[in-house]
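Undergrad: Coordinates for the following, if possible.
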Amino acid sequence: MGRPLRAQGARHLATPRTLGSMNRRHLVFDLDGTVSDPAIGIARSLNYALTAFGLEPIPENSVSRYIGPPIDDAFRRIAPSAEDECVVQLVSKFRERYSDIGYSENVLYPGIPEALSYLVGNGCSLGICTTKRVDFAERILKYFGIHELFRFVNGGDVGVQKRQQLKCLLAEGIIDVDAAMIGDRSVDIGAAHANGLRSVGVLWGHGTEAELIEAEAQLLLSSPSQLKELADAA
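TA: Next up is the predicted model:
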C-alpha cells in the first residue's frame, strides 16, 4: 500500500488508507474553475441567449453558481418554467456566442501551466473531463497552449452528466479505478464517488469549501502549486 497524499497546507478529509492507493498515473481534471476561469465568457453568453428569447439576464457577478454542471441545467435553474424545447434553443444560442468569442473570454489560473508540466514530467497521465462540449474544451486548451499536456479530453453535451462521462472512461479503459478526479464543484466530487474514484477538491474555482466538504472530497487544495504534490501520491 502506498503512502497517503501529503500536500503542504492541504486539508485531508479521508483516511490515509483511502488516499494511499491513489494512482498518480491517472489524474482527471475538470476544466472550468479548475484549470481556467470561464466566468466572463459564460456570463455574457448566458445573457446573450436569455435576452435573445426575451428573458431577464443574470447579473454577471452571480454566474459562479451556474459554472460546473451542464449548461442545460444552468438554463433550467435560471428559467425554471422553460419547456425542454426552449432549453435546447437557449443552449444553441449560448453556443453561438460562446463559439465565436466566449471561449476566449477565459483566464488561466496562475500556476496551472507549471503544475501540469511538473505532473507530466514526473510520470502522471493527465486528462480532462468536462461537461463542456469537447470541441470547446479543446479550443480552450489550445488557446492557452496546454493541450499537449493532456492524454485525453472528454466533453459532455445536453442531457449528459459527468458521472456518466467518467463511467464511459472507465468502461473504455482510458482510466482505472485508482484514478483521481480533480475539480472545484460538488458535481466533480459526486461523479468521482459514483464511479469509485478518488476525489480532490480545489478552492481557487467557483465552488465553496463548504460545498466540497459536504460532497466529501478526500483532499482539498488551496492553490494550484499544491497540485505538484499529487505526483508523490503513489
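Undergrad: center of the chain, which residue is that?
TA: Nearest to the geometric centre of the chain sits D30, at 2.3 Å (Cα atoms, centre = their mean).
Undergrad: In contact with the nearest residue to L31 once chain neighbours are set aside, which residues are there?
TA: Using Cβ to Cβ, 6 or more residues apart in numbering and skipping residues adjacent in sequence, the residue nearest L31 is T130, 4.0 Å away. Backbone N, C-alpha and C define where each C-beta goes, glycine included. Contacts for T130 (Cβ atoms under 8 Å, 6 or more residues apart in numbering) come out as 30-32, 137, 153-156.
Undergrad: min pLDDT across those residues, which one?
TA: Within these, pLDDT reaches its minimum at G156, with 93.
Undergrad: Could you say which helix or strand holds that one?
TA: Per DSSP states H and E: G156 is located in neither a helix nor a strand.
Undergrad: Surely it is in contact with D135?
TA: No: when contacts are counted by Cβ atoms under 8 Å, G156 is not listed as touching D135 (11.7 Å).
Undergrad: more crowded one of the two?
TA: Shown here are G156 and D135; by other Cβ atoms under 10 Å, G156 has more neighbours (21 against 13).
Undergrad: quick one, phi psi at that one?
TA: With angles defined as degrees, to the nearest 10, G156 sits at phi -110, psi -170.
Undergrad: quick one, domains of this protein?
TA: 11-37+107-232, 39-104 (automatic domain parsing).
Undergrad: Please identify the most buried of those.
TA: domain 11-37+107-232 (a mean of 19; mean count of other Cβ atoms under 10 Å).
Undergrad: Show me how far it is from its chain's centre.
TA: Offset of domain 11-37+107-232 from its chain centre (Cα atoms, centre = their mean, to the nearest Å): 6 Å.
Undergrad: Next SSE downstream of the longest helix seen in the chain?
TA: Criterion DSSP state H: the longest helix present in the chain is helix 84-100. Per DSSP H and E, the first helix or strand lying C-terminal to helix 84-100 is strand 107-108.
Undergrad: Run through who's touching the helix or strand following that following strand.
TA: Counting by DSSP H and E, the next helix or strand C-terminal to strand 107-108 is helix 112-121. If you take Cβ under 8 Å, 6+ apart as the criterion, helix 112-121 is touched by 27, 35-36, 126, 144-146, 149, 224-225, 227-228, 230-231.
Undergrad: Serialize the residues you listed to JSON lines and add fields for distance to A49.
TA: Shown next, in JSON lines, are the contacts of helix 112-121 (distance: Cβ to Cβ, whole Å):
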{"residue": "L27", "distance to A49": "33"}
{"residue": "V35", "distance to A49": "24"}
{"residue": "S36", "distance to A49": "21"}
{"residue": "L126", "distance to A49": "32"}
{"residue": "F144", "distance to A49": "25"}
{"residue": "G145", "distance to A49": "29"}
{"residue": "I146", "distance to A49": "28"}
{"residue": "L149", "distance to A49": "32"}
{"residue": "P224", "distance to A49": "31"}
{"residue": "S225", "distance to A49": "36"}
{"residue": "L227", "distance to A49": "33"}
{"residue": "K228", "distance to A49": "39"}
{"residue": "L230", "distance to A49": "37"}
{"residue": "A231", "distance to A49": "41"}
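Undergrad: Closest to Q164 out of the residues you listed?
TA: L27 (20.0 Å; Cβ to Cβ).
Undergrad: so when I look at the closest one, I'm seeing a strand, right?
TA: Yes: the assignment for L27 by DSSP: H, G, I helix; E, B strand; the rest coil puts it in a strand.
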